[in-house]
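J.: Have a look; sequence and predicted model below, questions after that.
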Amino acid sequence: MSTQSGSGKNKPEKVTTQTVVEMKRSGEKISMLTAYDFTMAGIVDRAGVDVILVGDSASNVMAGFDTTIPMTMDHMIYHTSCVVRGVERALVIADLPFMSYQVTTKEALKSAGRMMKEAGAHAVKLEGGRTISDTIRKIVDAGIPVMGHLGLTPQSIYKFGTYKVRAKEEEEAKTLIEDAKILEEAGVFSIVLEKIPADLAAKVTESVSIPTIGIGAGEKCDGQVLVLHDMLGLNKDFSPRFLRRYEDLDAKMNAAISNYIRDVKDGSFPNEDERYN
Ligand code: KIV
């Protein structure tokens with residue numbers, strides 16, 4: 001994979017926004033996962049993932065809310081700065097939370113700027129199509145790389161009323177393809193496509209020269225993203241069709257913690273080697 005030079009000896013070469021655009025051109029698939037804290041970000045980075053998204057899904061998996069709506073700039077800056085400190089190689093993208101970029105372009109610029117300056121993000125992600133394209137253009141003009149997000153956009157859940165697959169109807173599919181082109185023209189370096197029919201995602205992927213990253217959007221996207229807690233089996237209550245679970249960490253952690261409780265109760269922890277004399 002082509003990457004930008006690292007800054008020191010033995011440091012991995014950093015993934016940049018140019019790297020992921022180049023990966024589409026060379027046909028190499030892009031791997032992306034979410035992370036929200038220092039320890040997990042380090043594990044994900046050392047495993048070699050290309051892109052880490054500090055998603056506002058932190059609202060669900062870290063804070064226990066039902067939607068992403070409650071997330072604030074301060075929450076996202078906290079999570080993003082923790083992730084940035086844990087990462088050496090991956091590109092770190094941070095979600096701008098609900099209402100931090102929709103009201104005015106000036107506010108959007110301020111939010112994007114805070115995410116770069118205070119949290120150390122390498123890029124920001126915004127949900128929406130043509131309605132936010134002028135805002136995106138301004139953020140990109142300020143030197144901040146932007147990732148787009150189309151299809152199921154969870155910040156609009158109260159408008160949609162459901163988390164079902166989007167753009168199954170011809171009209172919405174047509175609008176989505178147009179939006180992808182408008183976002184590319186506005187300067188985004190990549191677009192997340194969430195929960196749309198695989199054939200439509202394939203069409204979008206062919207229609208733009210920037211990479212598409214799918215979640216529930218089929219195999220033709222240029223890359224894939226999953227929420228870390230979901231793919232590790234830490235989030236038992238969430239089982240959409242698109243989710244592949246690579247581990248059952250809920251069960252593994254439960255067993256480890258149960259063993260610890262047993263050892264404390266029966267007095268076998270700590271033993272002689274685990275104490276100071
Ligand atoms: O917030 C998030 O985790 C996301 C991904 C699901 C793409 O936006």
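T.: Ah, there it is.
J.: per-residue pLDDT, N10?
T.: At N10 the predicted local distance difference test score is 74.
J.: quick one: contacts for F269?
T.: With contacts taken as C-beta atoms under 8 Å, 6 or more residues apart in numbering, F269 has the following neighbours: 260, 263. The C-beta positions use only the backbone N, C-alpha and C, and glycine is treated the same way.
J.: Am I right that it is in a strand?
T.: No - F269: not assigned to a strand; according to DSSP: H, G, I helix; E, B strand; the rest coil it is coil.
J.: Can you report phi and psi for it?
T.: As for F269, its main-chain torsions (degrees, to the nearest 10) stand at phi -120, psi 130.
J.: Check the one 3 residues further on too.
T.: Listed backbone geometry of E272 is phi -60, psi -40, with angles given as degrees, to the nearest 10.
J.: And it, how far from V264?
T.: 16 Å (C-beta to C-beta, to the nearest Å).
J.: So between those two, which is more surrounded?
T.: Neighbour totals were compared for E272 and V264, and V264 leads with 11 against 6 (other C-beta atoms under 10 Å).
J.: nearest residue to the residue in the chain that the ligand sits nearest to other than its sequence neighbours?
T.: Nearest residue of the chain to the ligand: G55, at 2.3 Å (C-beta to the nearest ligand atom). Take G55 and drop its neighbours on the chain: the residue closest to it by C-beta to C-beta, 6 or more residues apart in numbering is T34, 4.4 Å away.
J.: From the structure, what's the count of residues near the residue nearest to F189 when sequence neighbours are not counted?
T.: Spatial nearest neighbour of F189, excluding adjacent residues (C-beta to C-beta, 6+ apart): T17 at 4.4 Å. Neighbours of T17 under the rule other C-beta under 10 Å: 20.
J.: Now for D199: which residues touch it?
T.: Contacts of D199 (C-beta under 8 Å, 6+ apart): G218.
J.: and the strand or helix carrying it with the ligand, contact?
T.: D199 belongs to helix 198-207 when assigned by DSSP states H and E. No - with C-beta under 6 Å from any ligand atom as the criterion, the ligand is not reached by helix 198-207; the gap is at least 13.4 Å.
J.: now that helix: mean pLDDT?
T.: 98.
J.: Pull out the buried positions in that helix.
T.: Across helix 198-207, burial judged by 16 or more other C-beta atoms under 10 Å covers 198, 200-205.
J.: Let me know the closest of those to V103.
T.: Nearest to V103 out of the buried residues of helix 198-207 is V204 (C-beta to C-beta; 28.0 Å).
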